[in-house]
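In: prediction below, plus the sequence it came from.
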Amino acid sequence: MLYERMRKLVALPVLSSDLLSSVAYGPEAMLTVLVLAGSAALGLALPLAALLVVLMVAVGLSYRQTIPAYPHGAGSYLVAGDNLGRTPGLAAAAGLMLDYVLTVSVSIAAGVHAVTLALPGLARWTVPLGVLVIAVLLAGNLRGVRTAGNIFVLPTYAFVAVVLAVLAVGWAKAAARGFASVPPPAVPAAEGLGLLLVLRAFASGAVSMTGIEAVSNAVPAFRPTEWRNARTTLGWMVALLVTLFADLVGLIHLDGLVPRADETVLSQLGRVTFPTDLWYAVLQATTALILLLAANTAFNDSPGCCSSWPATATRRAGSCTWVIGWRSATAWSRWRSPPWWSSWPSAGTPRG
């Protein structure tokens, strides 16, 4: 029904929660790779961030062209199938189905982890908390798009506002000291600085674009004129992404922050920027909340995306996704120690 369709100010938080939440871990993912070559290699973060900004704009412009060309919604499957052939289209479909599952799992795992770090007493309830969040997201989306949108408007806008406040205060402090960079702590090099490491850092930083395809897949969910509203919303999303990502990387470089095992880079930046614990707590709360809600992109996007696939494509892509997911899960469970089931509150000694 038209009543259940989204206006732009609701569509922005509903469809961008996954994309905008990625700036909470994207810059850190890039720095984590660079720091393997020692703290001196962190200076490469700025040119790599500039290249990533160019890539973000290029991908955004590509989807901007896709939206009016496919007013009923289209993502990688339709575009690749129409322009490259059936096999590339099926490969893209399998990748999308796997991506939707991983988006839910990674976003909720990261959000619950942030909560349990702040409240260690909840650590033993990690898995039930994650399942509860999935159930809430499912219930919200079954109630309808408009109801789900009301859930996600405030957290997404709150996260953007808090991060922008961090950036404003941080850049003001940097200006007060003449934009002089704080030397990062000395970190010994674990491996040499080479082309492969730089490419790995670039690829890791590109996770900041997770979810950028959401608008093009959800064009029919907008109010008329659908494609025009979708394209406007996409422009807002890309502009926010570029602003948050570029400013965060620049401010992290000026403050001399490095990735640490016990605290995220965004958390470190919040402690350096805000003089009181209250503002830092707000930053952490909004970050955890948007990471939990970022999984909504998959709930909101996958039905419209899958409805455009023929039955044969859905079956083949689903089979490919099942094989990839099964092999990844079994490899992960063999690698991890202790076993994954030990995190369950009621788990005892595994049988067999």
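Out: Okay, I see it.
In: mind listing the helices for this protein?
Out: 8-21, 26-34, 45-69, 76-84, 86-118, 126-142, 145-176, 195-205, 214-217, 226-254, 265-273, 277-293, 296-307, 311-335 (DSSP state H).
In: quick check: which of these is buried the most?
Out: Counting by mean count of other CB atoms under 10 Å, helix 214-217 has the highest mean neighbour count of those, with a mean of 30. Heads up, the C-betas are built off the backbone N, CA and C, glycines and all.
In: out of the helices of the chain, flag the one nearest V182.
Out: Each of these has some distance to V182 by CB to CB; the shortest is helix 226-254, at 6.8 Å.
In: the closest one to helix 265-273, inter-axis angle?
Out: 60 degrees (axes from the mean of the first three to the mean of the last three CA atoms, to 10 degrees).
In: which neighbouring elements make contact with helix 226-254?
Out: helix 8-21, helix 26-34, helix 45-69, helix 145-176, helix 214-217, helix 265-273 (3 or more CB pairs under 8 Å, 6 or more residues apart in numbering; DSSP states H and E).
In: need those in a markdown table (columns: mean pLDDT and distance to S76).
Out: Output for the helices and strands packed on helix 226-254, formatted as a markdown table (pLDDT from 0 to 100; distance: least, CB to CB, whole Å):
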| stretch | mean pLDDT | distance to S76 |
| --- | --- | --- |
| helix 8-21 | 88 | 15 |
| helix 26-34 | 93 | 20 |
| helix 45-69 | 94 | 10 |
| helix 145-176 | 85 | 22 |
| helix 214-217 | 85 | 9 |
| helix 265-273 | 89 | 29 |
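In: what separation do you get for G75 and A93?
Out: Distance, G75 to A93, by CB to CB, to the nearest Å: 9 Å.
In: whoops, I mixed them up, L293
Out: L293 is 26 Å from A93, by CB to CB.
In: what do you get for V169?
Out: With CB to CB as the criterion, V169 and A93 are 44 Å apart.
In: cool, and S16?
Out: Here S16 is placed at a distance of 23 Å from A93 (CB to CB).
In: residues contacting A190?
Out: 36-38 (CB atoms under 8 Å, 6 or more residues apart in numbering).
In: do that again at 6 Å, thanks
Out: L36 (CB atoms under 6 Å, 6 or more residues apart in numbering).
In: what score does it have for pLDDT?
Out: Confidence at A190, expressed as pLDDT, is 89.
In: next, it: phi, psi?
Out: Note on A190: backbone dihedrals following degrees, to the nearest 10 are phi -90, psi -20.
In: thinking again about what came up before, pipe the helices of the chain into JSON lines and attach distance to A189 per row.
Out: Below are the helices of the chain laid out as JSON lines (distance: least, CB to CB, whole Å):
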{"stretch": "helix 8-21", "distance to A189": "31"}
{"stretch": "helix 26-34", "distance to A189": "11"}
{"stretch": "helix 45-69", "distance to A189": "16"}
{"stretch": "helix 76-84", "distance to A189": "38"}
{"stretch": "helix 86-118", "distance to A189": "28"}
{"stretch": "helix 126-142", "distance to A189": "34"}
{"stretch": "helix 145-176", "distance to A189": "27"}
{"stretch": "helix 195-205", "distance to A189": "10"}
{"stretch": "helix 214-217", "distance to A189": "39"}
{"stretch": "helix 226-254", "distance to A189": "19"}
{"stretch": "helix 265-273", "distance to A189": "19"}
{"stretch": "helix 277-293", "distance to A189": "30"}
{"stretch": "helix 296-307", "distance to A189": "37"}
{"stretch": "helix 311-335", "distance to A189": "26"}
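In: of those, which is nearest P185?
Out: helix 265-273 (11.2 Å).
In: which residues touch the closest one?
Out: Looking at helix 265-273 with CB under 6 Å, 6+ apart, the contacting residues turn out to be 24, 28, 166, 169-170, 252, 255, 257, 259, 280, 283.
In: quick one: which of the helices and strands packed on helix 226-254 is nearest A206?
Out: With CB to CB as the criterion, A206 lies closest to helix 45-69 of those, at 6.3 Å.
In: all set, thanks.
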